[in-house]
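Chemist: Make a model of this:
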Amino acid sequence: MLGYLLKGIIIGFSIAAPVGPIGVLCIKRTLTEGRSAGFVTGLGAAAADTMYGVIAAFGLTAITGLLVAQQVWIHSIGGAFLLYLGIKILLSKPADESATAEKKSLFGNFISTFFLTITNPTTILSFMAVFAGIGVGAGNYTDSAIVAAGVCLGSSAWWFILSGVMSLLRSRINNSALVWINRCSGLLIISFGIWSIAQLLSHS
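Modeler: Sure thing, here's the model as predicted:
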């Protein structure tokens, strides 16, 4: 039982760790809005990873089939949302952004990254392959639930560490640096959006 939990933690941590659009958002929001905003941003992705992990671990093939069959539409919505977020961040000014952040709920940070992660349904295929490799599934619901819980813990641990490290740097960043953080993170997120849409077009 403990072995499956540890495997789940490793899977969740490994899937969350590569720096993609969610990582850029977590870093950017931690530096501009604080550690809580950054961590909750990561938790949105962790929740989506956990949901996909549950679907894969419990072998819910009907849901998997539906998500994969509609992945072009789902993925294109995610790509368009990345473009929107990237342009919004690129054009934002630190002073205006700080005022907006005060009115903005942490729930909004959570939902935005949950939505971005959930619009990449091919993630579920990765989970299915990994779970099959460690022998989880095929009706073993106890082991499946333990691994899914481990995925949640592992993914959350990564976002806790990343937001914590970034928060240590926050006090050293002035307004001028924040402008460049917005520009760089905005351009990176726009690039992820363009790449996502280009991948869809190349396979259409």
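Chemist: Can you name every helix or strand that the strand or helix carrying Ile161 contacts?
Modeler: Taking DSSP states H and E as the criterion, Ile161 maps to helix 141-170. Here helix 141-170 touches helix 2-16, helix 21-33, helix 35-57, helix 123-133, going by 3 or more Cβ pairs under 8 Å, 6 or more residues apart in numbering; DSSP states H and E. Where you see a C-beta, it was placed from the backbone N, CA and C, and this is true even at glycine.
Chemist: Pull out the buried positions in the last one.
Modeler: The neighbour-count criterion (16 or more other Cβ atoms under 10 Å) identifies 123-124, 127-128, 130-131 as the buried residues of helix 123-133.
Chemist: Of all pairs in those, which one is the farthest apart?
Modeler: By the measure Cβ to Cβ, Thr123 and Phe131 form the most distant pair in the buried residues of helix 123-133, at 12.5 Å.
Chemist: Make a markdown table from the buried residues of helix 123-133 and add distance to Thr30 and pLDDT to it.
Modeler: Listed next are those as a markdown table, based on distance: Cβ to Cβ, whole Å; pLDDT from 0 to 100:
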| residue | distance to Thr30 | pLDDT |
| --- | --- | --- |
| Thr123 | 23 | 72 |
| Ile124 | 28 | 72 |
| Phe127 | 27 | 73 |
| Met128 | 32 | 72 |
| Val130 | 28 | 71 |
| Phe131 | 31 | 68 |
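Chemist: Please state the offset of stretch 168-179 from the chain centre?
Modeler: Centroid separation between stretch 168-179 and its chain, computed with Cα atoms, centre = their mean, to the nearest Å, is 24 Å.
Chemist: Let's test this: mean pLDDT of it, rounded?
Modeler: Averaging pLDDT along stretch 168-179 yields 78.
Chemist: gap between the two ends of it?
Modeler: 19 Å (Cα to Cα, to the nearest Å).
Chemist: Can you tell me the closest non-neighbouring residue to Ser144?
Modeler: Leaving aside its chain neighbours, Ser144 sits nearest to Ala57 (3.8 Å; criterion: Cβ to Cβ, 6 or more residues apart in numbering).
Chemist: Is that neighbour in contact with Ala148, as I believe?
Modeler: Yes: contact criterion Cβ atoms under 8 Å: Ala57 and Ala148 qualify, at 5.0 Å.
Chemist: Which helix or strand in the protein has the lowest average pLDDT?
Modeler: helix 94-103 (a mean of 51; mean pLDDT, DSSP states H and E).
Chemist: In contact with the residue nearest the centre of the chain, which residues are there?
Modeler: The centroid of the chain falls nearest to Ala45 when counting by Cα atoms, centre = their mean (3.3 Å). Counting by Cβ atoms under 8 Å, 6 or more residues apart in numbering, Ala45 touches 16, 22, 113-114, 116-117, 155, 159.
Chemist: Kindly recompute the last result at 6 Å.
Modeler: Contact partners of Ala45, counting by Cβ atoms under 6 Å, 6 or more residues apart in numbering, are 22, 113, 117.
Chemist: Switch those over to TSV; also include pLDDT and distance to Gly53.
Modeler: Output for these, formatted as TSV (pLDDT from 0 to 100; distance: Cβ to Cβ, whole Å):
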residue	pLDDT	distance to Gly53
Ile22	88	16
Thr113	91	16
Thr117	86	12
